[in-house]
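J.: build the 3D model from these lines:
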Amino acid sequence: MEIILGSQSPRRRELMAGLDLPFVAISIDADESYPAHLREGDIPYYISRAKAQAYAPKLQGNQLLITADTIVWLDGKMLGKPHDEKDAIAMLKQLRNKTHQVYTAVTFAQKGYELKTIVDCTDVTFGDLSDEEIAHYVAKYRPLDKAGAYGVQEWIGYVACTGMRGSYFNVMGFPVHLVYQELKKRGIIA
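T.: Numbering: from 1, shown residues only. Purely as a prediction, here's the structure:
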């Protein structure tokens, strides 16, 4: 079985590589908009499936496509990827001294089979961050490609993440433990 990771994310590619399985990574051009009524984990569920559906017609019988999407959920609203540095700073100011949820959905697509999507959630607590610390992080690490404007594996995670309940790798955007278990169920891993 050829595994195709439908993601441009260097973090997802790194985490997939950590499973010691051969795979190819591709980028998928898909509409990432979603219905306004969706909440929490339903948002990445919808987007991950849209990514899979955009590429699924190209799949051969010996290929398995894996797509994913991650969001940050805080106080009843989604924080996606920031539009610019100002937006990133505003998001991080909202996250300080609070607990938020990180939802990642992963979809598996195979020719002749129904799509299967799994969703993982991790609670992440940030401590206090000064305006200067937030500005430093945004200027140096440019987290414009990250949901919630942060990468937990970067400086901000070292200094601000005071607690976590759930998978660390889910916060990075790919719950590898769940991916591994699904690959075992499919007989791809003995």
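J.: all contacts plus neighbour counts: C-alpha atoms, from now on.
T.: Fine.
J.: residues making contact with the longest helix along the chain?
T.: Ranked by residue count, the top helix of the chain under DSSP state H comes out as helix 42-55. Counting contacts by Cα atoms under 8 Å, 6 or more residues apart in numbering, the residues outside helix 42-55 that touch it are 6, 28-34, 65-71, 103-109, 115, 117-119.
J.: how about stretch 3-19?
T.: Contacts for stretch 3-19 (Cα under 8 Å, 6+ apart): 22-28, 51-52, 63-68, 169, 172-174, 176, 180.
J.: sorry, back to before: check the offset of the longest helix of the chain from the chain's centre.
T.: 12 Å (Cα atoms, centre = their mean, to the nearest Å).
J.: go on, stretch 167-175?
T.: Distance, centroid of stretch 167-175 to centroid of chain: 7 Å (Cα atoms, centre = their mean).
J.: check the secondary structure at Thr107 for me.
T.: Using DSSP: H, G, I helix; E, B strand; the rest coil, the structure places Thr107 in strand.
J.: against Gly163, how distant is the residue lying closest to it once chain neighbours are set aside?
T.: Using Cα to Cα, 6 or more residues apart in numbering and skipping residues adjacent in sequence, the residue nearest Thr107 is Thr117, 4.2 Å away. According to Cα to Cα, to the nearest Å, Thr117 and Gly163 sit 27 Å apart.
J.: who's more crowded, the two?
T.: Neighbour totals were compared for Thr117 and Gly163, and Thr117 leads with 19 against 11 (other Cα atoms under 10 Å).
J.: correct me, but the more buried one touches Thr104?
T.: No: the criterion here is Cα atoms under 8 Å, and Thr117 misses it with Thr104 at 10.2 Å.
J.: would you agree Leu59 is in contact with Gln110?
T.: Yes: counting by Cα under 8 Å, Gln110 is a contact partner of Leu59 at 7.0 Å.
J.: overlap in contacts of these two?
T.: With Cα under 8 Å, 6+ apart, Leu59 and Gln110 have common neighbours Leu65.
J.: in the protein, which spans are strands?
T.: Counting by DSSP state E, the chain has strands at residues 2-6, 24-26, 63-74, 77-79, 99-110, 116-126, 161-165.
J.: I'd like the average pLDDT over the first one.
T.: Meaning strand 2-6. If you average the pLDDT over strand 2-6, you get 97.
J.: buried residues in that strand?
T.: Buried residues in strand 2-6, counted by 16 or more other Cα atoms under 10 Å: 3-6.
J.: pairing partners for it, with directions?
T.: strand 24-26 (parallel), strand 63-74 (parallel) (DSSP bridges).
J.: roughly how far is the first one from the heart of the chain?
T.: In this case it means strand 24-26. 16 Å.
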